[in-house]
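Peer 1: sequence and predicted model, in that order:
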Protein chains: 2
Amino acid sequence: MLKAATIRDVAREAGVSIAVVSRAINPGSGPVAPETRDRVLAAIEKLDYRPRAAARELQAGATTTIALMVPDLINPFFSGIADAIVYEARSRGVHVMVLTTQEDPHLEAELVQTLRTRSVGALIVAPTDSGTNPFGRLVDLGIHVICVDRELDDSAGIDVVTIDNENSARTATQHLLQLGHERIAIITGPQHSSSARSRLVGFRGAMADAGVEVDEQLVRPIAYRGTLGSDAVGSLLALPHPPTALIVANGAQAFNSVRRVRQSGIGVPDDLSLVVFDDNPWTDVFSPALTVIRQPVKMMAMHSTQIAVSRLQGDRPPAPVRIELRAELVHRSSCRPLREPPVGGD
Amino acid sequence: MLKAATIRDVAREAGVSIAVVSRAINPGSGPVAPETRDRVLAAIEKLDYRPRAAARELQAGATTTIALMVPDLINPFFSGIADAIVYEARSRGVHVMVLTTQEDPHLEAELVQTLRTRSVGALIVAPTDSGTNPFGRLVDLGIHVICVDRELDDSAGIDVVTIDNENSARTATQHLLQLGHERIAIITGPQHSSSARSRLVGFRGAMADAGVEVDEQLVRPIAYRGTLGSDAVGSLLALPHPPTALIVANGAQAFNSVRRVRQSGIGVPDDLSLVVFDDNPWTDVFSPALTVIRQPVKMMAMHSTQIAVSRLQGDRPPAPVRIELRAELVHRSSCRPLREPPVGGD
DNA sequence: TTGTAGGCGTTATCAC
DNA sequence: GTGATAACGCCTACAA
């Protein structure tokens, strides 16, 4: 097992001082005679030298590592985000440390602590609980925090990249209302999550606009983790007066929910119209293909990475940014009019 | 923006030298009087001090960061592995840097270079090409490399955690043979991938054992990336004498392949029996539910993490480990006998 | 244009 | 038990 070459080895090999090597490595940091430079580069090549990131960090304070904190990577929504962020970051020479919180605020807080140890320059996070802000200390220390997908009630000094959840839910609801549905159920996320809350607001808004009263029995805020989606669907369908349409606004529970619908033998869209949040691949291969709200996952990832990277390069004014992207309703085959509309008419 | 407290600040606050603080932080590294210790701990608490990992690394050479390199995170197989590895690593106090290769050997090689810069203690990787080993230099430098899922032809000094691909494919093939199928098609991965190769070997083995000749037209090794799965299915089904059964042994193309089967209106399992590698959630919600080869994803992740962590803690003999796990055939509804077997009979 | 020296935050080796 | 002090590898004034 060899020992990695250091800047000193290179200097010796090239017959110069370490200062020259350093300058040769970091163009613009100082003058180096062209031919000296070539000699140094040759030495680097020969010794296969790579500067140690740890040493650089230590001396500069800066870093080219960011952290990404998501509930889990099994949820295709978050793995999609993670994939895009990792890819995007690499193209900018930044590495990504990935952490999973399991939707557990305690674990999240603990991870924030261990993060302080690492010198990451920024943190992109989909926070577990909007009510508390465990990231304040990071911000104080100059570690930039970017919320993605979900945001915090108190987000002082924190950037936000999210979708317009309220309007997305509104759109989905309006779609069903226009088809004549009034008994519309919604399975959403826990109300300590900003996105889940906004979606519910959008739902209620659309219902109110249409003058349709919301039956609170049909509103099901459930946890992201676990399999509660299945239970919620079960009890919804067992209602004496069951819903004719269902919006699954809890992406993490979409699969469980839909599977339960299918297992119960309810016809989609004949007996139940369905709109689901998050356009995961399987929604397209389900029978019938599901009408979904498609979130611009790549866009969210790109924006957050871009913010993170430029922040740690010291660009951008310190003012927090807020980016809200539009989601899209993708019509497929899981919704139909409650009653066939009269043909012709008058 | 505060500046993070250093060991010196703590020492001053506690009225001791930095050496004492260091010993207090790292129990066992030297003697500290109990009451001094308490004073130091109080100071740490008060200043909210966290030792900087970069400085530790620099001085010790060691590190508690490992890297994980997978083709992408969009493939549920790899996101499952990543999720489990990140989780498992955390529970051992290790952080994970995630990299994606996009199945591109050049990018892979480049990432290996940038990795040398970071002081990661180990690399868990699903390599893109089994023919070349871009990791040799890492091994030389004492960075432990663990191949997961796929392996290298020349894996000197490299640990391997994989499934028994050959037998998995053999099992799947035998299942179809027993149902009376002989025109069995297989869509597998590129032959520069060890797992794809082994699976094809298993397929041929089972066919040979049964005395059934392999129609080479029905053997389709295709790339992991892109949408070739769809094309392969299309041309398979367009054959004058199409297959009666299909094994999709290319997990990354399973979705595309199956979707194409469905689009072409072919009845499953009536017209075509189907076995698919990788038990992703959607295979269960597809109509009909798909018979799959289920890989022990969590197990693979746990083993590789365990090896990685113990390696970087210096445990374990230097001899490379090879762990081969068994995959499982999960019977669902996508396969049926070619001809109904005679009822009763004698 | 080049080299010397100091410091980044930590741990380890010594004396005391 | 405790405290200077020297590394670890790199960058950067500043002096030559």
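Peer 2: Nice, thanks for sending it over.
Peer 1: any buried residues in the host helix or strand of A:Arg199, and which?
Peer 2: For A:Arg199, the host element (DSSP states H and E) is helix A:194-209. When burial is assessed from 16 or more other CB atoms under 10 Å in any protein chain shown, helix A:194-209 yields the following buried residues: A:194-200, A:202-207. For the C-beta atoms, the positions are set from N, CA and C on the backbone; glycine is no exception.
Peer 1: ok, now stretch A:139-156?
Peer 2: Result for stretch A:139-156 [16+ other CB under 10 Å]: buried residues A:139, A:141, A:143-152, A:155.
Peer 1: identify the farthest-apart pair in the residues you listed.
Peer 2: The distance between the two most remote of those (CB to CB) is 23.9 Å, for A:Leu141 and A:Asp149.
Peer 1: skipping its backbone neighbours, what lies nearest A:Ser130 in space?
Peer 2: Leaving aside its sequence neighbours, A:Ser130 sits nearest to A:Ser194 (CB to CB, 6 or more residues apart in numbering or on different chains; 4.3 Å).
Peer 1: contacting residues for that neighbour?
Peer 2: A:Ser130, A:Arg150, A:Glu151, A:Leu152, A:Asp153, A:Thr162, A:Asn165 (CB atoms under 8 Å, 6 or more residues apart in numbering or on different chains).
Peer 1: in the stretch 151-300 of chain A, which spans are strands?
Peer 2: Applying DSSP state E, counting those that start in this stretch to the stretch 151-300 of chain A gives strands spanning A:159-163, A:184-188, A:219-221, A:245-248, A:273-277, A:291-294.
Peer 1: of all these, which one is nearest B:Lys46?
Peer 2: strand A:159-163 (30.4 Å).
Peer 1: in three-state terms, label A:Gly80 for me.
Peer 2: With DSSP: H, G, I helix; E, B strand; the rest coil as the basis, A:Gly80 sits in helix.
Peer 1: before we move on, back to that, turn the contacts of A:Ser194 into a markdown table, including distance to DNA strand C and pLDDT.
Peer 2: What follows is these, written out as a markdown table (distance: CB to the nearest atom of the strand, whole Å; pLDDT from 0 to 100):
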| residue | distance to DNA strand C | pLDDT |
| --- | --- | --- |
| A:Ser130 | 32 | 94 |
| A:Arg150 | 32 | 96 |
| A:Glu151 | 32 | 95 |
| A:Leu152 | 28 | 96 |
| A:Asp153 | 33 | 94 |
| A:Thr162 | 35 | 97 |
| A:Asn165 | 41 | 98 |
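Peer 1: closest one to A:Leu115 out of those residues, please.
Peer 2: For the contacts of A:Ser194, the closest approach to A:Leu115 (CB to CB) belongs to A:Leu152, at 16.5 Å.
Peer 1: closest one of the contacts of A:Ser194 to DNA strand D?
Peer 2: Within the contacts of A:Ser194, the smallest distance to DNA strand D is 34.5 Å, found for A:Leu152 (CB to the nearest atom of the strand).
Peer 1: surely that closest one is in contact with A:Pro127?
Peer 2: Yes: A:Leu152 lies in contact with A:Pro127 (CB atoms under 8 Å); the separation is 5.9 Å.
Peer 1: name the residues contacting each of the two.
Peer 2: Joint contacts of A:Leu152 and A:Pro127 (CB under 8 Å, 6+ apart) are A:Phe135.
Peer 1: for DNA strand C, what are the nearby residues on the stretch 201-346 of chain A?
Peer 2: Residues of the stretch 201-346 of chain A lying near DNA strand C by CB under 7 Å from any atom of the strand: none.
Peer 1: so which bits of the stretch 201-346 of chain A are right by chain B?
Peer 2: Within the stretch 201-346 of chain A, the positions near chain B by CB under 8 Å from any CB of the partner chain are A:Phe255, A:Val258, A:Arg259, A:Arg262, A:Pro281, A:Trp282, A:Asp284, A:Val285, A:Phe286, A:Ser287.
Peer 1: residues contacting the first one?
Peer 2: The contact partners of A:Phe255, by CB under 8 Å, 6+ apart, come to A:Gly229, A:Asn280, A:Trp282, B:Pro281, B:Val285.
Peer 1: and the third one, by the same measure?
Peer 2: Taking CB under 8 Å, 6+ apart, we find A:Arg259 in contact with A:Ser230, B:Asp284, B:Val285.
Peer 1: which one of these sits closest to DNA strand D?
Peer 2: B:Asp284 (50.7 Å).
Peer 1: how much space separates that closest one from chain A?
Peer 2: If you measure B:Asp284 against chain A using CB to the nearest CB, to the nearest Å, the figure is 7 Å.
Peer 1: what is the neighbour count of that residue?
Peer 2: B:Asp284 has 16 neighbouring residues, counting by other CB atoms under 10 Å in any protein chain shown.
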